[in-house]
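J.: below are the sequence and a predicted model; questions follow.
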Amino acid sequence: MRSTPATPRSPRRRGGGPRLAATAEREQMSYLGFLAELLLAECDDRARRRSERRSNAAGFPRDKSLRKFDFDANPNLDAAMIHTLAKCEWIKKSLPLCLIGDSGTGKSHLLIALGTEAAMAGYRVKYVPATKLVNELVEAADEKQLTKTIARYGRVDLLCIDELGYMELDRRGAELLFQVLTEREEKNSVAIASNESFSGWTKTFTNPRLCAAIVDRLIFGGNIIETGTDSYHLATTRARAEQQPATS
């Protein structure tokens, strides 16, 4: 009696092995075809896990995506331009990005969302608020670890600096931040979010010459996105309140 080939066993692997085995049996897939599908699934699963590790390593404080951004609520923003930035060509070219606008206009959301897109695309990303970065640099300088710390921030493909301009920096802090930007200039990208226009940065960087040098490093050849002055958060809160029935 002639025997028939056994159905491929479901391998004990992550990435949909049992599901693929069931599909292979249902579609009478050859062993070679099943193996090819299994390898593709395993590669996809590894790529997904690598992307998740890169996103976690970036240190984003919360999950923000372009899919969740309401472009209709902010007419100042060009959705097509933002989605073009999400393709990461500017990071490939080591160009800077500046997101400028008042509080609640979506700067941090876009900064994190574009950083997440870069991490998912395979780039090394680091997110840090400006004051935290400066404090870390000051501590590193005091502990004779400044060169090592600057080099660490210099290695990532994209450095996302949030909340730049919210607090005044003393001369030492500003000079240390300048060193980080100089280390990355034309080698790796920097993206910043600031509530101050460039003309108001003298309140953050009180030395005019140093302020001019920092601005120059952040705008040379890069993209400047103005998110406007109307708070999206405030508008959303008001709209929600108007929709709720009045209580006695």
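T.: All right, it came through fine. Residues are numbered from 1 along each chain as shown.
J.: Val190 contacts Asp162, correct?
T.: No. Applying C-beta atoms under 8 Å, one finds Val190 not in contact with Asp162, separated by 11.7 Å. All C-beta atoms are positioned from the backbone trio N, CA, C, and that covers glycine.
J.: what residue spans form the domains of this structure?
T.: Split into domains by automatic domain parsing, the chain comes to 17-57, 60-235.
J.: and among those, the most buried is which?
T.: Highest mean neighbour count of the domains of the chain: domain 60-235, a mean of 17 (counted as mean count of other C-beta atoms under 10 Å).
J.: now that one: average pLDDT?
T.: Domain 60-235 shows a mean pLDDT of 93.
J.: now do that domain: distance to the chain's middle.
T.: 10 Å (C-alpha atoms, centre = their mean, to the nearest Å).
J.: so what does the residue nearest the centre of the chain have for phi and psi?
T.: Taking C-alpha atoms, centre = their mean, the centroid of the chain lies closest to Gly115, which sits 1.1 Å from it. Main-chain torsions, Gly115, degrees, to the nearest 10: phi -60, psi -40.
J.: one more: Phe71?
T.: According to degrees, to the nearest 10, Phe71 has phi -70, psi -30.
J.: Gly228 too?
T.: Per degrees, to the nearest 10, the backbone of Gly228 is at phi 90, psi -170.
J.: that one pairs with what?
T.: Gly101 (DSSP bridges).
J.: that one touches Asp102, doesn't it?
T.: Yes. Counting by C-beta under 8 Å, Asp102 is a contact partner of Gly228 at 7.0 Å.
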